[in-house]
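Student: below are the sequence and a predicted model for it; my questions follow.
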Amino acid sequence: MRFLILLLFPVLSFSQSRLDTLRFLNGKVKILAPQELKPMSDQMWTAKYQKRARPLLVLSDDDGEVNLLADMTPQPAAESQLASFKDFQIQQLKSRRPDLELLSDGVKTINGKKVGYFTFVTQAIDQKVFNYYFFTIVDGKVLFFSFNCIEKLQKKWEQTADQIVASLKIT
C-alpha cells in the first residue's frame, strides 16, 4: 500500500485545477475555466498588452503567469476555412516571432464543431511562454481563444488547457 501511495504522490502533486463553466456571447458559448483564473485588472492588462484593445474574455491568475483570453474577429469566416485560418495565423506569428517553436497544430471536432488549434513556445522578456491557441466559427466569425502560461508551469497547466479546449460548446 505504501508503494502505491508513493507512486501516486507525483500525480497528486500536479493535480489539475478545479474548473467552472463560463458562458458568454449571450450564452452561445460555454467553456470550462480554472477557478484560479479571475478577470484581469485593467492595470495588469495595460502592463502586459500595452494599448491593445481588451478582448471579450480576459482571465488571469494573481501573478499574471497563467492567462485565458477570448475574442471575435471582425471578418466573416466559414468552418471550411479553419485550416487555412490556422496556417495563416501560424505564418503571421512566425513572421513576427522568429523564436516561435511550434509544438502541434490541427483541426478537430469538439462537441460537434470544428476547432482549429496550435500550440507553441515563445520567448518573453525574461522566460519562455507556452501558448495554446484555439478557434471556431460563431455567427459566421472566428471566435479565437488564447491560453498561455510561463514555461515552468507548462507541465502543471497543459492538461488543464486540453480540458478547456475539449469543453468548448457552441449553441
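Tutor: That came in fine, so what should we check first?
Student: what ranges do the helices span in this protein?
Tutor: 2-13, 42-49, 82-96, 154-167 (DSSP state H).
Student: okay, those in TSV with mean pLDDT and distance to E36 next?
Tutor: To be clear about C-beta, it is placed using only N, CA and C from the backbone, and glycine gets the same treatment. As requested, these are arranged in TSV below (pLDDT from 0 to 100; distance: least, CB to CB, whole Å):
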stretch	mean pLDDT	distance to E36
helix 2-13	38	16
helix 42-49	87	15
helix 82-96	96	27
helix 154-167	96	10
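Student: out of these, nearest to R23?
Tutor: With CB to CB as the measure, helix 154-167 is the member of those nearest R23 (11.7 Å).
Student: got the contact list for that closest one?
Tutor: 14, 16-17, 19, 21, 30-34, 66, 68, 110, 115, 117, 130, 132, 134, 145, 147, 149 (CB atoms under 8 Å, 6 or more residues apart in numbering).
Student: got the CA coordinates for it in PDB?
Tutor: The C-alpha trace of helix 154-167 is given here as PDB (Å, rounded to 0.1, in the frame of the first residue of the first chain):
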ATOM      1  CA  GLN A 154       3.600  24.100 -18.600                       C
ATOM      2  CA  LYS A 155       3.600  20.600 -17.100                       C
ATOM      3  CA  LYS A 156       1.100  21.700 -14.500                       C
ATOM      4  CA  TRP A 157      -1.300  23.500 -16.900                       C
ATOM      5  CA  GLU A 158      -1.100  21.700 -20.300                       C
ATOM      6  CA  GLN A 159      -3.600  19.000 -19.400                       C
ATOM      7  CA  THR A 160      -5.900  21.700 -18.000                       C
ATOM      8  CA  ALA A 161      -5.600  23.600 -21.300                       C
ATOM      9  CA  ASP A 162      -6.600  20.400 -23.100                       C
ATOM     10  CA  GLN A 163      -9.700  20.100 -20.800                       C
ATOM     11  CA  ILE A 164     -10.600  23.800 -21.600                       C
ATOM     12  CA  VAL A 165     -10.400  23.100 -25.300                       C
ATOM     13  CA  ALA A 166     -12.400  19.900 -25.100                       C
ATOM     14  CA  SER A 167     -15.100  21.600 -23.100                       C
END
